[in-house]
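Q: 3D, please:
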Amino acid sequence: MRALLIILLLGMLAAAGYFAYSAIAIEDEAIPTQGYVALALGAGFSIIVGVGLMVLLFFSSRRGYDEPPHFR
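A: Residues are numbered from 1 along each chain as shown. Just a heads-up that it's a prediction; the model follows:
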């Protein structure tokens, strides 16, 4: 069962690599301006979400919300 899962995941990784290479290998068409804008907005939003989640994790740890409950 575990070997099947590893084979499946490696197959998915190979397929993602193939599709990424085939998208990069196209030389005839350049990315339009809208594509660069969408890429920048998506990357920026991802960074903002990641930083926000790390800030929440930091404050949660500092205020003791991550501690196990104490029963009396």
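
Q: and the residue nearest in space to the middle of the chain, what element?
A: In the chain, the residue lying closest to the centroid (CA atoms, centre = their mean) is residue 46, at 7.9 Å. Per DSSP states H and E: residue 46 is located in helix 33-62.

Q: packing partners for that helix?
A: Helix 33-62 sits against no helix or strand, with contacts defined as 3 or more CB pairs under 8 Å, 6 or more residues apart in numbering; DSSP states H and E. Using the backbone N, CA and C atoms, a C-beta is placed for each residue, glycine as well.

Q: distance from that helix to the middle of the chain?
A: 10 Å (CA atoms, centre = their mean, to the nearest Å).

Q: now it: mean pLDDT?
A: Mean pLDDT, helix 33-62: 94.

Q: and for stretch 14-26?
A: 89.

Q: when you give positions from now on, start the count at 16
A: Okay, residue one is now 16; in that scheme the one you just asked about reads as stretch 29-41.

Q: could the C-alpha coordinates of that stretch be exported in PDB?
A: This file holds the C-alpha atoms of stretch 29-41, laid out as PDB (Å, rounded to 0.1, in the frame of the first residue of the first chain):
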ATOM      1  CA  ALA A  29       6.700  13.600 -13.100                       C
ATOM      2  CA  ALA A  30       3.500  14.800 -14.800                       C
ATOM      3  CA  ALA A  31       3.800  18.200 -13.200                       C
ATOM      4  CA  GLY A  32       7.400  18.400 -14.300                       C
ATOM      5  CA  TYR A  33       6.500  17.500 -17.900                       C
ATOM      6  CA  PHE A  34       3.700  20.100 -18.000                       C
ATOM      7  CA  ALA A  35       5.900  22.800 -16.600                       C
ATOM      8  CA  TYR A  36       8.700  22.000 -19.100                       C
ATOM      9  CA  SER A  37       6.200  21.900 -22.000                       C
ATOM     10  CA  ALA A  38       4.800  25.300 -20.900                       C
ATOM     11  CA  ILE A  39       8.300  26.800 -20.700                       C
ATOM     12  CA  ALA A  40       9.600  25.300 -24.000                       C
ATOM     13  CA  ILE A  41       7.100  27.300 -26.100                       C
END
